[in-house]
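J.: Any chance you can model this:
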Amino acid sequence: MNDRQDAYDPYAAQEQQLIGYDPYGRPVYGQAPAQAPAPPYEAYEQPYGYGYEAQAPGQHPYPQAPAAPDHGARDGGYGQEQYAPGAGHGYDTQQARQWIPHQQAPQPLPHHQAPPPAPVPQVPEPRRAAPEGAPSRPAAAEAGAVPEAGRDYRTEMFAFIDQPDEESEDVIDWLAFTESRTERREEARRRGRNRIAALIVVLALFVVGGAGYLWYAGDLPFLDGPGAQKKPAAGGAQKRDMIVVHVLNTKKGGSSTVLLIDNVTTKQGATVLLPNTLTVPGPDGAGRPLAKAVEDGGLGTREALDSVLGTRIGGTWRLDTPFLERLVELVGGVVVDTDTAVPADDQAKTPAVSQGAKQNLTGAMAVAYATYRAQGEPETKQLQRLGTVLYAVLRKIPGDPKAAAVTVDSMGQILDPALNAQNLGALLSRIGEHAKVGAYRTEVLPVKPDGGLADGAAKKTVDDILGGSATAVPGVAPRIGLKDATGDEKAQLAAKAALLNGGYTLVEGGKADKTATVSQISYRDDALRAKAIEVAKTLGLPETAVKKADSPVNADVVVLLGKDYKAS
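T.: This next block holds a predicted model:
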């Protein structure tokens, strides 16, 4: 494409020389510099053939090198001949241009100039492979026969080959694969560690939560949680705080006795009404009615009740009717469901009380209703009215122990030294809180006409509410219950005297429903067998009379006195 041919003379091809390479590494040829015409001829200067330089006169020509193939030549190249020294330019006769007379000499056609090479980018580009049979770059340069010293080399004349390395790409791909695989393994290990840590945390929370629940419910050994107090325990294992209250009627005479109980274990309150006919041991050991013990000043009454009921009473509160009236006024009155109408008593100066539900009672009205006993009514009726008034008062007691203590102190009553205003106020506030939520009960202690505890019912009340125990308290003389089945009053008195002289605490068991021929001494706990044998010896009864059995009498050892007993 760089070789030009004369359109008029096919043998007059212009000789071109190598001037550089295009951006793709292909040689670019251009027209050689023209020479001045010889004097005898008007012919045009012919370009030199490939591989020759213009010769000065008297110089030997350069060695001829094989010319590069001319794409426009028909015969594969032009013949060349050497000139003698001083001769003009030689030329091939086949290549000489003919001149026709009477015509102007043909003007040489303008040779096609190769476009200027485009600037080569700074980054080398890959060069295409040369066509088969084309001379190599050194051969082409040698064929140009241009002096190297006068050549102007430019950047665009060079091209650089960048051959892709497939093996390096494979290595990069393998490194990327191994790196991604390692990262996936590390990520899997990290996720596994996170799962294990989360599982450990969940298990720890589960264990802690379960232990906390068991602690709260009180199911852990040696650790009692708050919830453990809500579970009822055995009667003797429950913790109870109780006091005995003696209400003395200063206007009409008489007294009433009740027990106020705060069951700390079950969070319940209770009032147990004690009939005045209940027999309790006196200072001399002989039995006497409870009313008589209170009338005599109440000294030792608390201990006597403990011996009969098997309880531990914490204090005695003597509440005369004027102080009861004052207490009702301090709490703002009470609301009571009255079961009967109470007439006014001008002599006693007590107001009338109407019958009906939710009666608003003042202090005086509350005292009149609590102490009222109609003609022919049993004592239990009056005790139940007193219990109703006390329940209404407890519901109005402040829940704050300090405020309750202030209320008690405002009554102006001189209390038992063992039960001061702070202790009494705290107990009343706790019992009052039970009454406000309905966790409260009022019971009458069943007593037989002879003053002894009724079989069955009394035992249930003592065991369930009071927590009385048949087991002797350490350091305290065992309680001996005596039940007369002889039908002889003298024999009963003799047996009482013998037991009191032996240092035992006597519990009145009353009279049996029918007489018995053989005496029997029973105990509930194996630890009391030795005491039961001692009691038998004290009464002069054989050891065969001692047996382990349950008894309706609330005592450590119960003696059923039969006709075989002989007073000494």
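
J.: and stretch 503-519, average pLDDT?
T.: For stretch 503-519, the per-residue pLDDT values average out at 81.

J.: Next, the buried residues of stretch 479-497.
T.: Residues of stretch 479-497 classed as buried: 479-486, 491-492, 494-497 (neighbour count, 16 or more other C-beta atoms under 10 Å). Using the backbone N, CA and C atoms, a C-beta is placed for each residue, glycine as well.

J.: want to throw those residues into CSV with pLDDT and secondary structure?
T.: Putting the buried residues of stretch 479-497 into CSV (pLDDT from 0 to 100; DSSP: H, G, I helix; E, B strand; the rest coil) gives the following:
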residue, pLDDT, secondary structure
479, 77, strand
480, 84, strand
481, 82, strand
482, 84, strand
483, 85, strand
484, 84, strand
485, 86, coil
486, 86, coil
491, 84, helix
492, 83, helix
494, 86, helix
495, 86, helix
496, 84, helix
497, 84, helix
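
J.: Now tabulate the residues you listed in JSON lines and tack on distance to residue 365.
T.: Supplementary listing: the buried residues of stretch 479-497 in JSON lines, determined by distance: C-beta to C-beta, whole Å:
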{"residue": "479", "distance to residue 365": "42"}
{"residue": "480", "distance to residue 365": "46"}
{"residue": "481", "distance to residue 365": "42"}
{"residue": "482", "distance to residue 365": "44"}
{"residue": "483", "distance to residue 365": "44"}
{"residue": "484", "distance to residue 365": "45"}
{"residue": "485", "distance to residue 365": "48"}
{"residue": "486", "distance to residue 365": "50"}
{"residue": "491", "distance to residue 365": "51"}
{"residue": "492", "distance to residue 365": "46"}
{"residue": "494", "distance to residue 365": "51"}
{"residue": "495", "distance to residue 365": "49"}
{"residue": "496", "distance to residue 365": "45"}
{"residue": "497", "distance to residue 365": "49"}
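
J.: shaky segments in this structure?
T.: Applying pLDDT under 70 to the predicted model, the residue ranges of the chain that meet it are 1-16, 31-168, 218-237, 285, 298-299, 455-458, 468-477, 552-554, 568.

J.: quick check: longest helix of it.
T.: Secondary structure assigned by DSSP state H gives helix 166-217 as the longest helix of the chain.

J.: and the spatially closest residue to residue 449 that is not a sequence neighbour, what does it touch?
T.: The shortest distance from residue 449 to any residue other than its chain neighbours is 7.2 Å, reached at residue 277 (C-beta to C-beta, 6 or more residues apart in numbering). Taking C-beta atoms under 8 Å, 6 or more residues apart in numbering as the contact definition, residue 277 lies against 289-291, 379, 447, 449, 451.

J.: Residue 277 sits in which helix or strand?
T.: In this structure, residue 277 sits in neither a helix nor a strand according to DSSP states H and E.

J.: Would you confirm that residue 502 contacts residue 536?
T.: No: distance between residue 502 and residue 536: 11.3 Å, which falls outside the contact criterion (C-beta atoms under 8 Å).

J.: More neighbours: these two, which one.
T.: For the pair residue 502 and residue 536, the greater number of neighbours falls to residue 536 (20 against 15), based on other C-beta atoms under 10 Å.

J.: Is that one in contact with residue 557, as I believe?
T.: No: assessed by C-beta under 8 Å, residue 536 is found out of contact with residue 557, at 9.3 Å.

J.: Not counting sequence-adjacent ones, nearest residue to residue 480?
T.: Ranked by C-beta to C-beta, 6+ apart and with sequence neighbours excluded, the top spatial neighbour of residue 480 is residue 504, at 4.4 Å.

J.: Could I have the PyMOL command that selects the buried members from the contacts of residue 277?
T.: Paste this into PyMOL to select the buried members of the contacts of residue 277, with burial taken from 16+ other C-beta under 10 Å:
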select buried, resi 289+290+291+379+447+451
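
J.: which among the contacts of residue 277 gets closest to residue 529?
T.: Ranking these by separation from residue 529, with C-beta to C-beta as the measure, puts residue 451 on top at 28.7 Å.

J.: show me the contacts for the closest one.
T.: Shown in contact with residue 451 (C-beta under 8 Å, 6+ apart): 277-279, 287, 289, 508, 510.

J.: Sort out for me which of these are in strands.
T.: 279, 287, 289, 508, 510 (DSSP state E).

J.: Surely the third one and residue 274 touch.
T.: No: taking contacts as C-beta under 8 Å, residue 289 lies outside contact range of residue 274: 10.8 Å.

J.: which residues sit in contact with residue 534?
T.: Residues counted as contacts of residue 534 (C-beta under 8 Å, 6+ apart) are residue 502.

J.: Give me the phi and psi for it.
T.: Listed backbone geometry of residue 534 is phi -60, psi -40, with angles given as degrees, to the nearest 10.

J.: change the start of the numbering to 31 and stick with it
T.: Done: numbering now begins at 31, and the last item shifts to residue 564.

J.: How much space separates it from residue 535?
T.: Taken as C-beta to C-beta, to the nearest Å, the spacing of residue 564 relative to residue 535 amounts to 14 Å.

J.: Can you name the next helix or strand after the longest helix of the chain?
T.: Following helix 196-247 in sequence order, the next helix or strand is strand 270-278 (DSSP H and E).

J.: Run through the neighbouring helices and strands of that following strand.
T.: For strand 270-278, the elements it packs on are strand 285-293, helix 331-339, strand 346-350, helix 351-360, helix 451-466, judged by 3 or more C-beta pairs under 8 Å, 6 or more residues apart in numbering; DSSP states H and E.

J.: Repeat the analysis, applying 7 Å as the threshold.
T.: Contacts defined by 3 or more C-beta pairs under 7 Å, 6 or more residues apart in numbering; DSSP states H and E place strand 270-278 against strand 285-293, strand 346-350, helix 351-360.
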